[in-house]
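Peer 1: Everything below, folded, please.
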Amino acid sequence: MDVRIPDIGDAQDVEVIELCVAAGDTVAVNDALIVIESDKASMEVPAPAAGTVQEVLVSLGDLVNEGDAIVVLEAVAVAAGDAAGTEEAAREAPGAATPADETAAPQAREPRGGESDGLEKLIGELDQLIDSADAGTKSGDEARPGVTGAPAVEVTHDPSAPGAKVYAGPATRRLARELGVDLTDISGSGGHGRIVKDDVKAFVKQSMVAEAAPARGTAAPTIDFSRFGEVEEVPLSRVQARGAANLARSWAQVVHVTQHDEADVTELESFRTSLRAEAQARDTKLTPLPLIMKACTRVLTDFPQFNASLNAEVTALIHKRYMHIGFAVDTEAGLVVPVVRDANAKGVWQLAGEIERLSAAAREGRLKPDEIQGGCFTISSLGAIGGTGFTPVVNAPEVAILGVARLTTKPVWNGEAFVPREILPLSLSYDHRAINGAEAGRFMAALTSLLADFRRLAL
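Peer 2: As a prediction, the model looks like this:
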């Protein structure tokens, strides 16, 4: 069997940074075959079945994408679930046939004007925007030679004709959805009038440049800082560069509102301290994060609109019956957000172990693809770094993120006297298109109540 790059989300042209096997090696299920570095993190590609490696099809430094074959494996046995997953991956692999009458992308959003003082810089910025949306959308016939794409079902294409069918591959359609482009407005340059990704990119550039042209010269000019003294230009890592693009897109598209509150965690900290001996016996470090995550899973259950995403047309809220919680990890390559899957089904000790394991994997560049995808809600904790609060940026397509600042001791009036209490500042940023202020206020009230008295989780 050919082992292929699995679903790696929005990543594109990820680099092979480590080969974990060679021809003749024997592997077990989930043994690492190669390590790749995406724009979000480094991750391992595991073996889907036990067997013997017949051939390694990639080399160090190669750029690969979802669906690319990396290893030829003589499998000893494939479980039914694995076989089903392999078949599903094959159906979704780049180049898979797509019916020509597939639903077209949503109507185009009004393009924004550029922020550059010249068209050249504007086009460069547009390239970055398009590249970020284009990540993970490569299809065989449009991006890689030698791979057959969708069959030529429709041989003509007239965008102006009412009800015209769109002739485009799955990757092109996905890119169009990311950019808010209606494919019926585009004439294809491919064979038989097929629309390819370059057509979508050209359409977006033309539209946005035309919109921005009258406003040229209104943005701040590019500054040559070397005129004022010695400078050094340090390139961003792939994780930092793509993270910056994703944050900019999220900030521009999500209607951000941040709700600030404080939780009295005096009793919670006392409870956590009392568990130190047990934590050492379990060889686990019990930080406040697992306790906060456990409380969040309870509140997300009571407020399901926070465990949801808006659909592409912003006409419905998609409620998720699963609960995967992401948490921010500071690494040398940049900020990485591993995901604890099914966090609501795990106890505090299980959460502590998962957080510790995923944090180490993130810093070592050993995260697997499914360990950085599928998040429903994110917690960003500054821990002991400092700060009395901040405004975390929603990790779209999620609709909310919780920011946790530094725990401090404050005097609190108890009706008779001021007493010292452990106070934890919390900041909840949310997408106002999906959540209103009253809902956010009730969410925070429920969360601070749970953190103040952890015994309420048993109710």
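Peer 1: State the pLDDT value of P170.
Peer 2: What the model reports for P170 is a pLDDT of 65.
Peer 1: burial of S270, as a residue count?
Peer 2: In terms of burial, S270 registers 10 neighbours under the definition other Cβ atoms under 10 Å. All C-beta atoms are positioned from the backbone trio N, CA, C, and that covers glycine.
Peer 1: V21 too?
Peer 2: 19.
Peer 1: How much space separates it from I355?
Peer 2: 29 Å (Cβ to Cβ, to the nearest Å).
Peer 1: Span of stretch 186-193 from start to end?
Peer 2: 10 Å (Cα to Cα, to the nearest Å).
Peer 1: Any buried residues in that stretch, and which?
Peer 2: Residues I186, G188, G190, G193 are the ones in stretch 186-193 that count as buried (16 or more other Cβ atoms under 10 Å).
Peer 1: Quick one: those as TSV, columns for pLDDT, distance to A434 and secondary structure too.
Peer 2: Converted to TSV, the buried residues of stretch 186-193 look like this (pLDDT from 0 to 100; distance: Cβ to Cβ, whole Å; DSSP: H, G, I helix; E, B strand; the rest coil):
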residue	pLDDT	distance to A434	secondary structure
I186	87	30	coil
G188	81	35	coil
G190	72	37	coil
G193	74	38	helix
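Peer 1: With distance to R433 as added columns, please give the residues you listed in CSV.
Peer 2: Output for the buried residues of stretch 186-193, formatted as CSV (distance: Cβ to Cβ, whole Å):
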residue, distance to R433
I186, 28
G188, 33
G190, 36
G193, 36
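Peer 1: where are the low-confidence patches of the stretch 151-300 of the chain?
Peer 2: Applying pLDDT under 70 to the stretch 151-300 of the chain flags residues 151-166, 169-170, 191-192, 208-220.
Peer 1: hey, where'd the strands end up in it?
Peer 2: 256-264 (DSSP state E, counting those that start in this stretch).
Peer 1: List the contacts of A23.
Peer 2: V53, Q54, E55, V56 (Cβ atoms under 8 Å, 6 or more residues apart in numbering).
Peer 1: Could I get the phi/psi values of the closest residue to the last one other than its chain neighbours?
Peer 2: Ranked by Cβ to Cβ, 6 or more residues apart in numbering and with sequence neighbours excluded, the top spatial neighbour of V56 is V71, at 5.6 Å. Listed backbone geometry of V71 is phi -150, psi 140, with angles given as degrees, to the nearest 10.
Peer 1: which residues does V339 contact?
Peer 2: Per Cβ under 8 Å, 6+ apart, neighbours of V339: H324, I325, G326, L358, E371, I372, Q373, G374, G375.
Peer 1: again, but for L291
Peer 2: L268, R272, V348, L451, F454.
Peer 1: distance of it from E178?
Peer 2: 37 Å.
Peer 1: Which residue ranges of the stretch 351-459 of the chain form helices?
Peer 2: 437-452 (DSSP state H, counting those that start in this stretch).
Peer 1: For A328, give its distance to S270.
Peer 2: 27 Å.
Peer 1: contacting residues for the spatially closest residue to L382 that is not a sequence neighbour?
Peer 2: Counting by Cβ to Cβ, 6+ apart, the nearest residue to L382 once its immediate chain neighbours are dropped is A405, at 5.4 Å. Residues near A405 by Cβ under 8 Å, 6+ apart: L382, G386, G387, T388, G389, F390, L424, P425, L426, S427.
Peer 1: Show me just the buried residues among those residues.
Peer 2: L382, G389, F390, L424, P425, L426, S427.
Peer 1: Pull the most distant pair out of these.
Peer 2: Taking Cβ to Cβ as the measure, the buried ones among the contacts of A405 reach their widest spread between F390 and L424, a distance of 13.4 Å.
Peer 1: From what I see, V64 and R4 are in contact.
Peer 2: No - contact criterion Cβ atoms under 8 Å: V64 and R4 do not qualify, at 9.2 Å.
Peer 1: residues shared between the contacts of the two?
Peer 2: With Cβ under 8 Å, 6+ apart, V64 and R4 have common neighbours I70.
Peer 1: what about A248, how many neighbours?
Peer 2: A248: 15 neighbours (other Cβ under 10 Å).
Peer 1: Buried members of the contacts of L291 into ChimeraX, please.
Peer 2: Of the contacts of L291, the buried ones can be selected in ChimeraX as follows, counting by 16+ other Cβ under 10 Å:
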select :268,272,348,451,454
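Peer 1: Export the contacts of L291 to JSON lines and append columns for distance to E230.
Peer 2: Listed next are the contacts of L291 as JSON lines, based on distance: Cβ to Cβ, whole Å:
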{"residue": "L268", "distance to E230": "50"}
{"residue": "R272", "distance to E230": "48"}
{"residue": "V348", "distance to E230": "51"}
{"residue": "L451", "distance to E230": "49"}
{"residue": "F454", "distance to E230": "54"}
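Peer 1: Identify the residues contacting V3.
Peer 2: Contacts of V3 by Cβ under 8 Å, 6+ apart are L33, V45, A47, P48, A69, I70, V71, V72, L73.
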